[in-house]
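A.B. asks: Based on what follows, work out the 3D shape:
(one chain, ligands or ions: 1)
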Amino acid sequence: MEPEAVEDYRFVGARRRLIELIRAQGIEDLEILQLFDRVPRHLFVPEGVAHRAYEDSAVPIGFGQTASQPSLQAYYIKLLQPSPDDRILEIGTGSGYLTALLALMGDRVYSVERIRELSVRARRTLDRMGYKNVALMVGDGSIGWRRFAPYQIITVAAASPQVPSALVDQLDEGGRMLIPVGRRQVQDLLLVRRVNGRIEEQSVRDGCTFVPLLGRYGWNEGGETAT
Ligand code: SAM
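C.D. replies: Below you'll find the predicted structure:
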């Protein structure tokens, strides 16, 4: 079933302008641009910041976390190229907005978030909009979600000191993963692919700053040292 479009005409113009901004950054693929029209971002962020939902910026969603910048999410989608048969693992559900975009492209999205309140809120929004192909779990996504592996796509929205081996193990042949890796303050966005059984890594963007991936294969709770 097509997820329900929940329209609020106050935001139509702002959403169109956001899509133009995304296009201006080199995302020309019509299917990707249409996703940003189909998913109302203002429903995924807290009401108090709904007026900022169509800025091309990270927006605070509580608990010290942010919904990522939309043009960055468009870039993720462009690089990952989800297709209708793909099983997708997302680490860092956050607001659930990228979850919704991915669910429109892939077969099923499995998304892990360590902060229960965020996961519950994302579930509520996704249910309200009628998404049936999304499974959410509260836990440490740095160890992945082994039960449904292997995944054709893995997307990580938080920065790690290294590529978690558990996530590599759960990547299917031909699969691709995007993950920011580096120091606490600045990271490279890595595209990791399994090609003929071998793992290939390529830096696709440097100078990124993501919130830390906290967990067994990420940073410890203080965020200063790798666990
Ligand atoms: N795509 C999300 C959005 O647009 O709302 C971005 C969310 S934010 C940039 C990154 C998220 O990763 C945060 O919600 C944070 O709690 C979560 N996170 C950090 N470490 C995690 C871990 N080990 N497992 C699961 N989620 C984690």
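A.B. asks: OK, contacts around the most centrally placed residue in the chain?
C.D. replies: In the chain, the C-alpha nearest the mean C-alpha coordinate belongs to residue 98, at 4.6 Å (C-alpha atoms, centre = their mean). Going by C-beta atoms under 8 Å, 6 or more residues apart in numbering, residue 98 touches 68, 73, 76, 90, 155, 157. Using the backbone N, CA and C atoms, a C-beta is placed for each residue, glycine as well.
A.B. asks: Go through those and flag which are in strands.
C.D. replies: When DSSP state E defines the strands, the subset of the contacts of residue 98 inside them is 90, 155.
A.B. asks: coming back round to it: now do the SS call for the residue nearest to the centre of the chain.
C.D. replies: helix (DSSP: H, G, I helix; E, B strand; the rest coil).
A.B. asks: Begin at 865, not 1, for the rest of this chat.
C.D. replies: Noted, 865 is the first residue going forward, which turns the last one into residue 962.
A.B. asks: Against residue 1033, how distant is it?
C.D. replies: 23 Å (C-beta to C-beta, to the nearest Å).
A.B. asks: for residue 1064, same thing?
C.D. replies: 16 Å.
A.B. asks: What does residue 985 show for phi and psi?
C.D. replies: Torsion angles at residue 985 (phi, psi; degrees, to the nearest 10) stand at phi -70, psi -40.
A.B. asks: residues touching the residue nearest to residue 1017 when sequence neighbours are not counted, list them.
C.D. replies: Of all residues not flanking residue 1017 in the chain, residue 952 sits nearest, at 4.4 Å (C-beta to C-beta, 6 or more residues apart in numbering). Counting by C-beta under 8 Å, 6+ apart, residue 952 touches 946, 966, 970, 971, 972, 973, 974, 1015, 1016, 1017, 1018, 1019.
A.B. asks: repeat for residue 1072
C.D. replies: Contacts of residue 1072 were listed using C-beta under 8 Å, 6+ apart, and they are 1023, 1044, 1046, 1050, 1051, 1052, 1053.
A.B. asks: Just name the closest of the contacts of residue 952 to the ligand, please.
C.D. replies: Of all the contacts of residue 952, residue 1019 has the smallest distance to the ligand: 8.1 Å, by C-beta to the nearest ligand atom.
A.B. asks: Just the strands from the chain, written as ranges.
C.D. replies: Counting by DSSP E, the strands of the chain are 923-926, 929-931, 951-955, 972-977, 998-1002, 1015-1020, 1035-1046, 1051-1059, 1062-1072.
A.B. asks: and the fourth one, what does it pack onto?
C.D. replies: Strand 972-977 sits against strand 951-955, helix 961-969, helix 980-992, strand 998-1002, with contacts defined as 3 or more C-beta pairs under 8 Å, 6 or more residues apart in numbering; DSSP states H and E.
A.B. asks: Quick one: closest of these to the ligand.
C.D. replies: helix 961-969 (3.8 Å).
A.B. asks: Just the C-alpha atoms of that closest one, please, in CSV.
C.D. replies: The C-alpha trace of helix 961-969 is given here as CSV (Å, rounded to 0.1, in the frame of the first residue of the first chain):
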residue,chain,number,x,y,z
TYR,A,961,12.7,10.7,8.0
LEU,A,962,15.4,8.9,6.1
THR,A,963,13.7,5.7,7.1
ALA,A,964,10.6,6.8,5.3
LEU,A,965,12.6,7.9,2.2
LEU,A,966,14.3,4.6,2.0
ALA,A,967,11.1,2.6,2.6
LEU,A,968,9.7,4.2,-0.5
MET,A,969,12.6,2.8,-2.6
